[in-house]
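> Below are the sequence and a predicted model for it; my questions follow.
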Amino acid sequence: MKAVIVPVRDVEKVKTELISMGVLDKDRKIRIVEHPDGKFAEIPVISGMDLSDIDGSNISEFDIVEQDEPDFYRSTMSLKEHLSGTVPEELIERIPSGWQVLGDIVIVSIPEELKSYREDIARKLLVINPRCRCVLQDFGIKGTFREPEREVIIGEDTETIQKEHGCSFKLDATKIMYSKGNLAERKRMSKLGKDEVVVDMFAGIGYFSIPLAVHGKPKKVYSIELNPVSYHYLLENIQLNYLEGIVRAINGDCGEVTPQGVADRVIMGYVGITHHYLDKGIGAIRKEGGMLHYHETTPEVLVFERPIQRIKDAASALGRSAEIRACHRIKKYSPGVWHVVVDAFIK
Ligand SMILES: C[S@@+](CC[C@H](N)C(=O)[O-])C[C@H]1O[C@@H](n2cnc3c(N)ncnc32)[C@H](O)[C@@H]1O
C-alpha cells in the first residue's frame, strides 16, 4: 500500500492534486509522521499508479513509500453498495452478503455469473476488512481429509494465523478448513481435561487439542492426524502455543495408531465415518473409565437415537458399558442433517 510523503505544509495542495488525478486512496487515512527534518504526512495513493507518468503533475518530486501498517477508515457501506456502478444492476443481488475471515485472509464464494467481477469484489472486500491482505475464492470442501478447494483472487501468501480464545492456529487457507460453526465446541473442550490424559483421534491442526491443552491443563494430550499437511500445522501449532511438553502429535490412521487403555477422555471430532472408529475410541479409554465425545452427522429423524445406539453397541462388543451424559447439536450440516456430539462415560 503506497503513500506519498510530503511536508505537512504541502498536505492540502498535494491532496487536492491527487484527488484531481483520481489517485487518492480514500479508504486510508492521512498519517502524520515525525522525522528528524520535521513533520511529514503520508498521503495514501492507489497502489499500482505510476505518478510520474501523469502529465503536469508536481507529485513526482515527492517520495513514494510502502506503508507498514496503514490506517483505514472503517467502512460502513455494504459490499453491494461498494460495488454499485461497477457490477451491472441485474447482478447486484448475486453479490455475496457473507464471507469468512481467517487470520488476515478473506474467503468468499463468488457465484459463476460474477466471475468477471471477482477482482473488483475482492478489492472491495479488502476495503471492508482492512486488516486482511489476501482474498480466496471458495469452491467448497472435498474428500476424506476435508480439504478446501480455493483459488487466490488477490494476494500471495495463503498461510495465516487465526487467533481464537487465547489460542493461535497457523494454517494454509488453500489447504486447510477451519469451521467457525464449531467455535462453541472448541470453547467447551477448552474447559475440560484438568490433570487428565486425553486422546484426540481426528486432531486436524489441533482444533480441539490446542484449546484443551492451553486452558484445560491436562497431563498429556495425544493428537492423531492422518493428513501430512494438517499434521505439519499441528506440529507448528503445538510450538506456537508453547505446548511441546503437553501435546504429542502422531501422524497416522487412528484406526491403527490410537493408544489403547490410556485415556481419561477421548475426542472423536470428525463426521461421516467416525462410527467405524468407535472400537478404537472406546478402547483408548482406561479400564477405570473415562469420557468419550463422539461426533457424527445424523439425519434429523435419528437425532440422537442413532449415535447413542452406535456408542452402546460398540461398547458392549468390547465388553464395556456406556452411560450417556449429554447430547449436543453443533450445527446444521446439510438439509435435514445435523452435526451432533454425544458425551458418554465409558466403563
Ligand atoms: C477437519 S478435522 C474436523 C473438524 C474440526 N474438528 C473443526 O473444528 O473444524 C478432521 C480431521 O480428521 C483427519 N482424519 C480423517 N480420517 C482420519 C483417520 N483415519 N485417522 C486420523 N485422522 C483422520 C482429517 O485429515 C482432518 O484433518
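Sure, I can see it.
> Identify each buried residue in stretch 318-329, please.
Going by neighbour count (16 or more other C-beta atoms under 10 Å), the buried part of stretch 318-329 is 320, 322, 328. All C-beta spots, glycine's among them, are computed from the backbone N, C-alpha and C.
> domains for the protein, by residue range?
2-66, 79-157, 181-346 (automatic domain parsing).
> Can you say which of those domains is packed in most?
Highest mean neighbour count among the domains of the chain (mean count of other C-beta atoms under 10 Å): domain 181-346, with a mean of 19.
> what's the residue closest to the geometric middle of the chain?
In the chain, the centroid-proximal residue (C-alpha atoms, centre = their mean) is Leu102; its distance is 3.7 Å.
> What's the separation between that residue and the ligand?
Leu102 is 11 Å from the ligand, where distance means C-beta to the nearest ligand atom, to the nearest Å.
> Which residue, neighbours along the chain excluded, lies closest to Gln260?
Gly283 (4.7 Å; C-beta to C-beta, 6 or more residues apart in numbering).
> Distance-wise, check the one you found relative to Arg320.
Using C-beta to C-beta, to the nearest Å, Gly283 is found at 9 Å from Arg320.
> how much space between Asp195 and His328?
Taking C-beta to C-beta, one finds Asp195 at 24 Å from His328.
> Next: Ser109.
Counting by C-beta to C-beta, the gap from Ser109 to His328 is 27 Å.
> how about a markdown table for the buried residues of stretch 318-329, with pLDDT, secondary structure and distance to Val8 added?
Formatted as a markdown table, these follow (pLDDT from 0 to 100; DSSP: H, G, I helix; E, B strand; the rest coil; distance: C-beta to C-beta, whole Å):
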| residue | pLDDT | secondary structure | distance to Val8 |
| --- | --- | --- | --- |
| Arg320 | 98 | coil | 76 |
| Ala322 | 98 | strand | 72 |
| His328 | 95 | strand | 59 |
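> List just the nearest of the residues you listed to the ligand.
Closest to the ligand out of these is His328 (13.5 Å), distances taken as C-beta to the nearest ligand atom.
> Tell me who's in contact with the closest one.
185, 188, 340-343 (C-beta atoms under 8 Å, 6 or more residues apart in numbering).
> how does it look with 6 Å?
Shown in contact with His328 (C-beta atoms under 6 Å, 6 or more residues apart in numbering): Val341.
> Please, where are all the strands along the stretch 1-150 of the chain?
Taking DSSP state E, counting those that start in this stretch as the test, the strands found in the stretch 1-150 of the chain are 2-7, 31-35, 38-45, 63-66, 100-102, 105-108, 134-142, 147-154.
> Let me have the ones you listed in CSV, adding mean pLDDT and distance to Ile205 as columns.
Converted to CSV, the strands of the stretch 1-150 of the chain look like this (pLDDT from 0 to 100; distance: least, C-beta to C-beta, whole Å):
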stretch, mean pLDDT, distance to Ile205
strand 2-7, 89, 35
strand 31-35, 83, 36
strand 38-45, 89, 36
strand 63-66, 83, 31
strand 100-102, 94, 11
strand 105-108, 97, 15
strand 134-142, 91, 14
strand 147-154, 94, 12
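> can I get the ones you listed in a markdown table with distance to Leu278?
Output for the strands of the stretch 1-150 of the chain, formatted as a markdown table (distance: least, C-beta to C-beta, whole Å):
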| stretch | distance to Leu278 |
| --- | --- |
| strand 2-7 | 57 |
| strand 31-35 | 58 |
| strand 38-45 | 57 |
| strand 63-66 | 55 |
| strand 100-102 | 31 |
| strand 105-108 | 33 |
| strand 134-142 | 24 |
| strand 147-154 | 24 |
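> thinking again about what came up before, any chance of the domains of the chain in JSON lines, plus distance to Glu164?
Formatted as JSON lines, the domains of the chain follow (distance: least, C-beta to C-beta, whole Å):
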{"stretch": "domain 2-66", "distance to Glu164": "27"}
{"stretch": "domain 79-157", "distance to Glu164": "10"}
{"stretch": "domain 181-346", "distance to Glu164": "7"}
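> residues in this protein within reach of the ligand, list them.
144-146, 177-179, 182, 202, 204, 207-208, 224-227, 230, 253-255, 269-270 (C-beta under 6 Å from any ligand atom).
> could you pull out the helices for the stretch 101-250 of the chain?
118-128, 183-190, 209-215, 228-240 (DSSP state H, counting those that start in this stretch).
> Next, the angle from the last one to strand 147-154.
When you say that, I think you mean helix 228-240. Counting by axes from the mean of the first three to the mean of the last three C-alpha atoms, to 10 degrees, helix 228-240 lies at 80 degrees to strand 147-154.
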